[in-house]
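> got a predicted structure plus its sequence, pasted below:
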Amino acid sequence: MKSNKVLIIYTGGTIGMKATEQGYRPAPDFLENELKSIPDLMREDFPSWELYEMNPLLDSSNMTLKEWNEIARVVYENYEKYNGFVVLHGTDTMAYTASALSFILRGLNKPVVLTGSQIPLSEIRSDGRDNLITSILIASEGVANEVSLYFSGRLLRGNRAMKMSADGLVAFKSPNYPLLAEVGIEIKYNKSTILKHKEGTELEYLPFSEVPIGVLKVFPGIQFGLFEEIMTEKLSGIVLETFGAGNIPGGGNELLPIIKKAFAAGSVITVCSQCPAGTVTLGAYETSSSLKGAGAVSGKDMTTEAAVAKLYHLFSLGLSKEEIKKLMEKNIAGELT
């Protein structure tokens, strides 16, 4: 007798796409037939599931704040009806969506598992079958009660995940945080790494507002002056991807006045590293020591995806720039150490 029930939210993405003359594309109702053709999903001893298709279905490169809010809304409105949730999503921006959901859905005490595939279910050989089946099992078990990302035998914290390969089947890693679970013959949870739910905390739905957020990646020879107008007049939040532990070219002589001007205009600049592993330590080197004095904050070991989502979250709460600066360096949803 089936007891646990999982809602599958299909947003689009490779896993449910069909081949067309123009290439793979998501098609309404196509995925449901594919799922019903997988024997394991129809077994009596498998958790029961229902499918919710978003409209329109999107390639994940077209995801926006609107879709992030919509996915979270579906979870929030159906929270009491299901034991857990699986979000089927394209891989290109899956880590961004996972990070966003971790902030929009605060106080989760059920699993929300994002997954997808590099090869569509409609193909003879697809990584999507195992990713989907295992994600449903994880969602039904109620152990990893947070936003997570499952791919190729690894369960990662959603706001710690990064896409590391464009075509490999082990497409995601979590360089700065241990796995929540490893999947082999059994699903082995690392319970010490899973977020602890605070007793008495109820689920909150905190949708993002349209806030101008930007990402600027530093490179050798960069002319910061070209970005001055955007940084000081157009953006509320900026993620600055620097070298190593927070280093910038030229000792920051060109950038620092821009950061000060941007901060005076109300912007919050968060420094993240271009290195997948490690942390930003402003002041560890001379080339980074002046950034903090100019008003930038350290993203520590956050991914760029998490930093972007966190800026959206904090600005959407209507906080002052000083409050946002303080909270960007504090752990809110497991996004930094």
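Yep, it's here.
> which SS class is the closest residue in space to Trp68 that isn't next to it in sequence?
Nearest non-adjacent residue to Trp68, counting by Cβ to Cβ, 6 or more residues apart in numbering: Ala100, 4.2 Å away. Glycine gets a C-beta too; all of them are placed from N, C-alpha and C. At Ala100, secondary structure determined by DSSP: H, G, I helix; E, B strand; the rest coil is helix.
> do you know how far Ala100 is from Ile324?
17 Å (Cβ to Cβ, to the nearest Å).
> Val271 now?
14 Å.
> Ala100 and Ile324: who's more crowded?
The neighbour comparison of Ala100 against Ile324 (other Cβ atoms under 10 Å) goes to Ala100, with 30 against 22.
> verify the contact between the more buried one and Ala309 for me.
Yes - with contact defined as Cβ atoms under 8 Å, Ala100 counts as touching Ala309 (4.4 Å).
> tell me which other helices or strands the helix or strand of the chain with the lowest mean pLDDT touches.
Least confident helix or strand of the chain, by mean pLDDT, DSSP states H and E, is helix 286-294 with a mean of 81. If contacts are counted by 3 or more Cβ pairs under 8 Å, 6 or more residues apart in numbering; DSSP states H and E, helix 286-294 sits against helix 255-264.
> what mean pLDDT does the helix it packs on have?
Helix 255-264 shows an average pLDDT of 90 in the prediction.
> what's opposite Tyr189 in the beta bridge?
For Tyr189, the beta-bridge partners under DSSP bridges are Ala181.
> also Ile8?
Under the criterion used (DSSP bridges), Ile8 bridges to Leu51, Val86.
> so who does it touch?
Ile8 is in contact with 35, 49-52, 85-86, 88, 136, counting by Cβ atoms under 8 Å, 6 or more residues apart in numbering.
> which one in those is the model shakiest on?
For the contacts of Ile8, the least confident entry is Leu35, with 94.
> so what's that one closest to, chain neighbours aside?
Leu41 (5.7 Å).
> touching, that neighbour and Glu32? I think so.
No - contact criterion Cβ under 8 Å: Leu41 and Glu32 do not qualify, at 10.9 Å.
> between the two, who's got more neighbours?
Comparing Leu41 with Glu32 by other Cβ under 10 Å, the one with more neighbours is Leu41, at 18 against 14.
> helix/strand/coil for the more buried one?
helix.
> mind starting the numbering at 9 from now?
With 9 as the first residue, the last one maps to Leu49.
> in the stretch 59-208 of the chain, which spans are strands?
Secondary structure of the stretch 59-208 of the chain (DSSP state E, counting those that start in this stretch): strands located at 92-96, 113-114, 120-123, 155-159, 162-165, 170-171, 180-181, 189-191, 195-197.
> and the second one, average pLDDT?
Model confidence over strand 113-114 averages 98 on the pLDDT scale.
> tell me, how many residues neighbour the nearest residue to Gly192 once chain neighbours are set aside?
The shortest distance from Gly192 to any non-neighbouring residue, by Cβ to Cβ, 6+ apart, is to Gly161 (6.8 Å). Neighbourhood size, Gly161 [other Cβ under 10 Å]: 16.
> for Ser45, same thing?
Ser45 has 11 neighbouring residues, counting by other Cβ under 10 Å.
> per-residue pLDDT, it?
For Ser45, pLDDT reads 91.
> dihedrals phi and psi, it?
When read as degrees, to the nearest 10, the backbone of Ser45 gives phi -90, psi 0.
> same check on Glu331?
Dihedral angles of Glu331 (phi, psi; degrees, to the nearest 10) stand at phi -70, psi -40.
> the chain: helices as residue ranges?
Using DSSP state H, the helices of the chain run over residues 38-44, 73-85, 102-112, 136-149, 236-237, 263-272, 294-302, 312-324, 329-336.
> quick one: residues in contact with the second one.
Spelled out, it's helix 73-85. By Cβ under 8 Å, 6+ apart, helix 73-85 touches 15, 17, 19, 60, 62, 66, 93, 95, 105, 108-109, 112-113, 120, 211, 213, 215-218, 320.
> what is the neighbour count of the nearest residue to Glu218 once chain neighbours are set aside?
What sits nearest to Glu218 in space, not counting adjacent residues and going by Cβ to Cβ, 6+ apart, is Leu73, at 6.3 Å. Neighbour count of Leu73, defined by other Cβ under 10 Å: 18.
> for Asp175, same thing?
Neighbour count for Asp175, taken as other Cβ under 10 Å: 7.
> my guess is it meets Gln126, correct?
Yes - here Asp175 reaches Gln126: they are 6.6 Å apart, a contact under Cβ under 8 Å.
> tell me how far Glu249 lies from Thr278.
10 Å.
> neighbour count for those two, which is higher?
Between Glu249 and Thr278, Thr278 has the larger neighbour count (other Cβ under 10 Å), namely 26 against 19.
> check the spacing between that one and Lys26 real quick.
For Thr278 relative to Lys26 (Cβ to Cβ), the value is 40 Å.
> OK, contacts around Gly252?
281-283, 286, 293.
> so which of those wins on neighbours?
Neighbour max across the contacts of Gly252 (other Cβ under 10 Å) = Ser281, 25 neighbours.
> perfect, I'm done here.
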